[in-house]
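J.: quick one: sequence plus predicted model below, questions after.
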Amino acid sequence: MSYVAAIDQGTTSSRCIVFDASGSIVAVAQREHRQIFPRPGWVEHDAEEIWEAVRAVVAEAVAGRDLVAVGITNQRETTLVWDRATGRPVANAIVWQDTRTDEQLRRFDAAFGEKAFKERTGLPLAPYFAGSKLAWLLDHVDGLRDRADRGEVLFGTMDSWLIWKLTGRHLTDVTNASRTLLMNLETLDWDPEILAAVGIPAAMLPEIRSSAEVYGEVTDGPLAGVPLASALGDQQAALFGQTCFAPGEAKCTYGTGSFLLLNTGTEPVTSQHGLLTTVGYRIGEQPAVYALEGSIAVTGSLIQWLRDNLGLIKSAPEVEELARSVPDNGGCYLVPAFSGLFAPHWRSDARGVLVGLTGYVNRGHLARAALEATGWQTREVVDAMNADGRTPLAELRVDGGMTRNDLLMQFLADVLQVPVIRPTVAETTCLGAAYAAGLAVGFWPDTDALRGNWQQDASWQPDRPSDDVERELGQWRKAVERTLNWA
């Protein structure tokens, strides 16, 4: 039998999953890597450590299987610069959660204007995106700007790093490029006026390609000779893996953060309510498909925070049992603005708050408030999508580790007032990368064949009166107001 493999280079770990023609998992391997916190608000990764983890999981998962293609999906916006000659990173990668780039963003605004950035790239000026992280490295690593001007160093997000390590080619795809503040959404190429205005040398940027095409063959290791045939940012890969190929179809992935993407078709739609316009995917020479995205910085990592920083639980799954020990949140709300607020607020000055405390509140209420924070943040994003005038959300397809929490899934259905549906294969990020690679080499004939693979595992229906939901939403909004103007 023949298979397709996907490498998922994520925020906390790297995985390799092998899929068969039905989209079922036949092998999986995973390895975590360190989270480096040099200062408050700074988050870094060691790219060499990540590469070693990728090599290990590939060797374990592939294990002599006959592969027709391999694809890549990756944590988006995480920014790396490496030496063209030696392949060594010049510094740690700056992770998407990092908030150090206020000075660079002020310079971007002065040089080109936030409105112009939004019109051309679909993105607000926020530290989330890769462009300001690259500018920070050019400003703070000795001699780097001169080396960049001479073409001695290369920039990339983690997809580019892996493509370079696997094939020796300096490439990225449209989905990852659309997260840099540097790509023009209309031309699907680097915007020369933006590059000139913000002082980023074009020589260090990768070539932008489609999400599903053969980039080259892997040069060595267990994947030697296998076509590397896809790359998608992790959230776009999940949209692809959930087979949301029609305008109006949406998915939300619940992991470290949570990301809701709505397919808007082959024309970019500009949000008036704090959402991002992004490239959803591009198959070969077909027109690019765009999406509206609501990005939430902290959801699964909030449960890790309860475990690691507060010691409230010993393992992440315990949070559901603890939250079920009480009937409600006891009147307390936890807004996890640890690195500012992302969509739809985009406030880098916000910091986390826990409000509504009384002597009645106990550990169970805190656990429940932490889970509910994910639901309320999703509700804010859905409200923004509906306000942008698209067809109101009819259902939400969900995936990611947090979807194993039944209490959270029911709460989501209640606060969104729509059905929440989980597929049989919950690893939709890897599945999307595999699907795109398989399409590129003809392993699957078309997207209809991929739709035929999708199957429902579980669903949750709304079960709370809308008046109750609206009353608690009002309390949540008051809590959000108290996060602002801290930093």
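T.: Arrived safely.
J.: pretty sure residue 80 is touching residue 155, no?
T.: Yes: with contacts counted by Cβ atoms under 8 Å, residue 80 reaches residue 155, the gap being 7.3 Å. The way it works is simple: take the backbone N, C-alpha and C, and place the C-beta from them, glycine included.
J.: quick one: low-confidence residue ranges for the stretch 301-450 of the chain.
T.: Applying pLDDT under 70 to the stretch 301-450 of the chain flags the ranges 389-391.
J.: tell me the helices in it, going along the chain?
T.: Along the stretch 301-450 of the chain, counting by DSSP state H, counting those that start in this stretch, helices occupy 318-323, 363-387, 406-416, 428-441, 447-453.
J.: quick one, which of those helices is packed in tightest?
T.: Counting by mean count of other Cβ atoms under 10 Å, helix 428-441 has the highest mean neighbour count of those, with a mean of 30.
J.: ok now do residue 180, which residues does it touch?
T.: With contact taken as Cβ atoms under 8 Å, 6 or more residues apart in numbering, residue 180 is in contact with 77, 121, 129-131, 134, 157.
J.: typed the wrong thing, it's residue 51
T.: So residue 51 contacts 161-162, 165 (Cβ under 8 Å, 6+ apart).
J.: for residue 293, give its distance to residue 245.
T.: Distance of residue 293 to residue 245, given as Cβ to Cβ, to the nearest Å: 17 Å.
J.: for these two, indicate the residue with more neighbours.
T.: In this view residue 293 and residue 245 are compared by other Cβ atoms under 10 Å, and residue 293 has more residues nearby, 27 against 17.
J.: tell me how far the more buried one lies from residue 430.
T.: Residue 293 is 20 Å from residue 430, by Cβ to Cβ.
J.: next, the buried residues of stretch 151-169.
T.: Applying a neighbour-count criterion of 16 or more other Cβ atoms under 10 Å, one finds 152-167 buried in stretch 151-169.
J.: next, give phi and psi for the closest residue to residue 447 other than its chain neighbours.
T.: Counting by Cβ to Cβ, 6 or more residues apart in numbering, residue 447 lies nearest to residue 245, which is 5.0 Å off, once chain neighbours are set aside. Main-chain torsions, residue 245, degrees, to the nearest 10: phi -90, psi -10.
J.: quick one, what contacts residue 245?
T.: 263, 289, 447, 450-451 are the contacts of residue 245 under Cβ under 8 Å, 6+ apart.
J.: which ChimeraX command selects the buried ones in the contacts of residue 180?
T.: Selecting only the buried entries of the contacts of residue 180 in ChimeraX, with 16+ other Cβ under 10 Å as the criterion:
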select :77,121,129,130,131,134,157
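J.: residue 272: neighbouring residues, count only.
T.: Other residues near residue 272 number 10, with proximity taken as other Cβ under 10 Å.
J.: give me the distance between the closest residue to it other than its chain neighbours and residue 246.
T.: Sequence neighbours aside, residue 388 is the residue nearest to residue 272 in space, at 6.1 Å (criterion: Cβ to Cβ, 6+ apart). As for residue 388, its distance to residue 246 is 18 Å (criterion: Cβ to Cβ).
J.: which of these two has more residues huddled nearby?
T.: residue 388 (18 against 11).
J.: shouldn't the more buried one be in contact with residue 277?
T.: No: the pair residue 388 / residue 277 is not scored as a contact, 10.2 Å apart, by Cβ under 8 Å.
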